[in-house]
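Novice: 3D, please:
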Amino acid sequence: MCGITGIFNLGKNKKISKKVLLGMTNSMVHRGPDDSGTVILKNIGLGHRRLSIIDLSKKGHQPMSDKKKEVWIVYNGEIYNFKEIKNELVKKNYTFESESDTEVIIYAYKEWGIDCIKKFNGMFAFALFDARKNELFLVRDRLGIKPLYYSQVDDTFIFASEIKAILKYPGFKRELNLKAVSSYLSYRYEIGHETLFNNIFKLMPGHYMSIKDGKIKVKEYWDIGLDEHKELSEESYKREIKRLFKKSVELRMISDVPLGAYLSGGLDSSIIVALMSKLSNNKVKAYSIGFKEEGYNEFHYSRQVANMCKIDYKEITLSTKNYLQNMKKLIRFKDLPLSVPNEVPIYMLSKELKKDITVVLSGEGADELFSGYGKIFRSPIDYKKLKLMKHLPLFVRKKLFKHLMIKYKNKQFNSEMEHFVYNYSYFPLEEKKFIFNEKMNSTIRNDEHVDAIFKKYFRKARKSPYYRKIEYVFEKIHLPGLLARLDCPTMATSVEGRVPFVDHNLVEFMFKVPVKYKMKWKSLPEMLKSFDESSDEISEKRDTTKYILKETFKHMLPESVVQREKKGFPVPLDTWFRGYVNKVAKRELLNKNSKIQAIVDQKNLKRWMDSNLKDGKDKSFGQKVWMLLNLEYWLREYFN
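Specialist: Take a look at the predicted model:
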């Protein structure tokens, strides 16, 4: 796990400054405290910071080249099946100097060209330069576990694992991307390839970029298959899930440094810990974090798992004061506002576990695959009822579909996509438009740019049922944002986070599993009772979410952990934002020097805050104010 950066001159006879390259590289020292390296060739400079995980010797040093110095690489990530690929290459008479997966990528490219990436199982973002062709490739893993940013300043192309390295490049002009700000507020991260900085972009998951003769091309090399498949029995699905996931955990336990796991007390992390304890010859180390406020930690459940699996277990308790201090610190590491409140606890937890381990396994990705977000994944049933309702008189709707009327406020939808976006958005457009200033509202044009991205993915999945479309959009749009919340807090503390549920083999298989095995009705009577209810009332009351995952691994876990309702990492936001933190938020957001004025009309913002505090009906109010506070702190740091 590392940090990479590079400068590629598209023009001629322009020298690359070693001082600039070193500055960009060393801005990411936290991603790689163990070693660093740079190389400047004819028209390209490559920089690397190393966190040693596989092959701790100097032979793993980067930038790395083949023996003939024809191919160079800087690489961030892990190729878990590198030994299998290496054996294949040895049979083809390739010889290796190191035990690293980095060298395997170089010779895999020399043998198969850029198509070699289709052989890799792992998380990766790398830059590979072919000196024979003067061609640069940038590659990002299939599902977006590892980040990669890029920009172009005049005739110079620059890239890095983190935005801060690009900001270090002389001549880069910082400008606020207002459209991305609106996207962040609605979805907690910037949808698509844009960032909150104009002219800094993300290479999208499952894509690679090639640059040759001044021409830049981007190609998608992987996507999830959406074809219908012959249905198998429940037992067949369970056997294959168990095989694939056990293999995934086993691969992610390959390490030359100590490793452990996050243990939240929820289903996903508990399954990982249970499997690790069976696969390891040593006692597995696991860590849990919570808040001192009552009801805001899950130690009760994580202790049960720890006792059952006989692991080495530690707990950490946070306070509000520590939270706000570390939130500001983490924004500086991420170069962006935080996406979810639990990034701060993950950061605090990572700082603690770094004392013992360097690699940690985490449960991200399970909810997307196994329909853990029941209120959204079950919402196609709402859409069907809404289509029926529009043909009925208002008094009939109120009598038969009271819950749906409350949830959707008598709103009608013209498409599945429109219905999905309504449910998926945290900060509704009309609410944003009320607090935004004139410049913001004229720039975002009702979030047309974001709608275009959702339309793209719904169009790709047009032949699939609505449920499958939601599943697809969650993997393609939601998951990369979720994974960024793991990469930043872990790498800020020089820890490598691995995600067994985000294995492309498992993902591809789970798209063949019918929805009835992911969300299962508890009984026929329960299904019938749901007639006048919305997905909010149905999920986990009338049905069982993640049914097949629970059935596959229930024998390895305490029953209380298997049967409990889903609960996101609990952060007492709403409690805080009606007390001490609300005073802080008002002071920071409403004073005459607030940077948030670049985005909001402060008078309307005050009206909005006062109104929500008074009626207390908006359950997402704390999250919304938290995001605005994040923007304020971020703007101070990067646009002061």
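
Novice: what's the offset of stretch 208-221 from the middle of its chain?
Specialist: 24 Å (CA atoms, centre = their mean, to the nearest Å).

Novice: what's the domain layout of the chain?
Specialist: 2-220, 224-570, 572-640 (automatic domain parsing).

Novice: would JSON lines of those domains with mean neighbour count and mean pLDDT be doable?
Specialist: The way it works is simple: take the backbone N, C-alpha and C, and place the C-beta from them, glycine included. Formatted as JSON lines, the domains of the chain follow (neighbours: other CB atoms under 10 Å; pLDDT from 0 to 100):
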{"stretch": "domain 2-220", "mean neighbour count": "19", "mean pLDDT": "94"}
{"stretch": "domain 224-570", "mean neighbour count": "18", "mean pLDDT": "92"}
{"stretch": "domain 572-640", "mean neighbour count": "17", "mean pLDDT": "86"}
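
Novice: so what's Glu540 up against?
Specialist: Residues in contact with Glu540 (CB atoms under 8 Å, 6 or more residues apart in numbering) are 374, 565-566.

Novice: could you look up the SS state of it?
Specialist: Following DSSP: H, G, I helix; E, B strand; the rest coil, we place Glu540 in the coil state.

Novice: check Asn423 too.
Specialist: Per three-state DSSP, Asn423 ends up helix.

Novice: my guess is it contacts Ile376, does it?
Specialist: Yes: Asn423 is within contact range of Ile376, at 5.5 Å (criterion: CB atoms under 8 Å).

Novice: which one of the contacts of Glu540 is nearest Pro500?
Specialist: Lys566 (18.6 Å; CB to CB).

Novice: which helix or strand contains the closest one?
Specialist: Per DSSP states H and E, Lys566 falls between elements, in no helix or strand.

Novice: what residues are up against it?
Specialist: 266-267, 367, 372, 374, 540, 545-546.

Novice: could I get those as JSON lines with secondary structure and distance to Leu338?
Specialist: Output for the contacts of Lys566, formatted as JSON lines (DSSP: H, G, I helix; E, B strand; the rest coil; distance: CB to CB, whole Å):
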{"residue": "Gly266", "secondary structure": "coil", "distance to Leu338": "21"}
{"residue": "Leu267", "secondary structure": "helix", "distance to Leu338": "25"}
{"residue": "Asp367", "secondary structure": "helix", "distance to Leu338": "19"}
{"residue": "Gly372", "secondary structure": "coil", "distance to Leu338": "22"}
{"residue": "Gly374", "secondary structure": "helix", "distance to Leu338": "25"}
{"residue": "Glu540", "secondary structure": "coil", "distance to Leu338": "27"}
{"residue": "Thr545", "secondary structure": "strand", "distance to Leu338": "26"}
{"residue": "Lys546", "secondary structure": "coil", "distance to Leu338": "26"}
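
Novice: using JSON lines, lay out those together with distance to Met627.
Specialist: Below are the contacts of Lys566 laid out as JSON lines (distance: CB to CB, whole Å):
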{"residue": "Gly266", "distance to Met627": "24"}
{"residue": "Leu267", "distance to Met627": "27"}
{"residue": "Asp367", "distance to Met627": "21"}
{"residue": "Gly372", "distance to Met627": "23"}
{"residue": "Gly374", "distance to Met627": "24"}
{"residue": "Glu540", "distance to Met627": "26"}
{"residue": "Thr545", "distance to Met627": "26"}
{"residue": "Lys546", "distance to Met627": "28"}
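
Novice: ok, the residues you listed vs Arg140, which is closest?
Specialist: Once CB to CB is applied, the member of those that ends up nearest Arg140 is Asp367, at 22.2 Å.

Novice: next one: phi and psi at the closest residue to the closest one other than its chain neighbours?
Specialist: Of all residues not flanking Asp367 in the chain, Tyr373 sits nearest, at 5.4 Å (CB to CB, 6 or more residues apart in numbering). The phi and psi torsions at Tyr373 (degrees, to the nearest 10) take the values phi -90, psi 70.

Novice: Leu136 belongs to a strand, doesn't it?
Specialist: Yes: checked against three-state DSSP, Leu136 lies within a strand.

Novice: right, and the residue nearest to Asp367 touches Phe474 too?
Specialist: Yes: applying CB under 8 Å, one finds Tyr373 in contact with Phe474, separated by 7.5 Å.

Novice: dihedrals phi and psi, the residue lying closest to Asn121 once chain neighbours are set aside?
Specialist: Closest residue to Asn121 apart from its sequence neighbours, by CB to CB, 6+ apart: Asn81 at 4.4 Å. When read as degrees, to the nearest 10, the backbone of Asn81 gives phi -100, psi 30.
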